[in-house]
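Asker: structure for the following, please:
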Amino acid sequence: MDQEDTEEKSIWELQGVKEIRKRPDILTKIKFDVTPCMVMEPRFHAKAEDLEKLRKIAGYMFYIESQCNPPALMVMKVGNTDITTTIGKIDEVPAEFLEKAITDPSEPPSHGMYAITEDIRAWLKKELGL
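Answerer: Predicted coordinates:
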């Protein structure tokens, strides 16, 4: 499966750490330090500093979607042109990690999206072999 195939699949077809673990094109571009607030921050493409910020956050990020029941750990592709696409849902993450990320957030949510916690980051790195 190449990158174009991923973009054409729905988020429900690309699920789980097992599938992502097989994708070096995703694994090498995961940005564990990128948060929903960083992605949703307004930017002006005419400003050099905004383009530089965008280059730094482009790749793949994880976030917690709170607008579904139960909340879910999602994978988002952040493009170089500020276009974002949710490409996956990680069902294997322990539910208590998601609950803690929402009840005791490391930063305020942005549009119902919460940043991952250190517990989730460590769990992902272990599960993805990073």
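Asker: how about the helices in this protein?
Answerer: With DSSP state H as the criterion, the chain has helices at 3-8, 16-21, 24-27, 36-40, 48-57, 95-103, 118-128.
Asker: the fifth one packs against which elements?
Answerer: The helices and strands touching helix 48-57, judged by 3 or more CB pairs under 8 Å, 6 or more residues apart in numbering; DSSP states H and E, are helix 36-40. Just so you know, the C-beta spots here come from the backbone N, C-alpha and C atoms, and that holds for glycine as well.
Asker: neighbours around residue 80, how many?
Answerer: By other CB atoms under 10 Å, the residues close to residue 80 number 11.
Asker: contacting residues for the nearest residue to it once chain neighbours are set aside?
Answerer: Among residues not flanking residue 80 along the chain, residue 58 sits closest, at 4.8 Å (CB to CB, 6 or more residues apart in numbering). By CB atoms under 8 Å, 6 or more residues apart in numbering, the contact set of residue 58 is 29, 78, 79, 80.
Asker: how about a cut-off of 7 Å?
Answerer: Residue 58 is in contact with 78, 79, 80, counting by CB atoms under 7 Å, 6 or more residues apart in numbering.
Asker: returning to what we had before: so which of the helices of the chain gets nearest residue 69?
Answerer: Ranking these by distance to residue 69, with CB to CB as the measure, places helix 95-103 first at 11.6 Å.
Asker: which strands or helices does that closest one pack on?
Answerer: Here helix 95-103 touches strand 59-65, helix 118-128, going by 3 or more CB pairs under 7 Å, 6 or more residues apart in numbering; DSSP states H and E.
Asker: flag every buried residue along it.
Answerer: Neighbour counts over helix 95-103 (16 or more other CB atoms under 10 Å) mark 97, 98, 101 as buried.
Asker: any idea which residue of the chain is furthest from its center?
Answerer: Distance from the C-alpha centroid of the chain, by CA atoms, centre = their mean, peaks at residue 46 (25.9 Å).
Asker: still on that earlier bit, between the helices of the chain, which one is closest to residue 71.
Answerer: Residue 71 sits nearest to helix 95-103 of all the helices of the chain, at 4.9 Å, using CB to CB.
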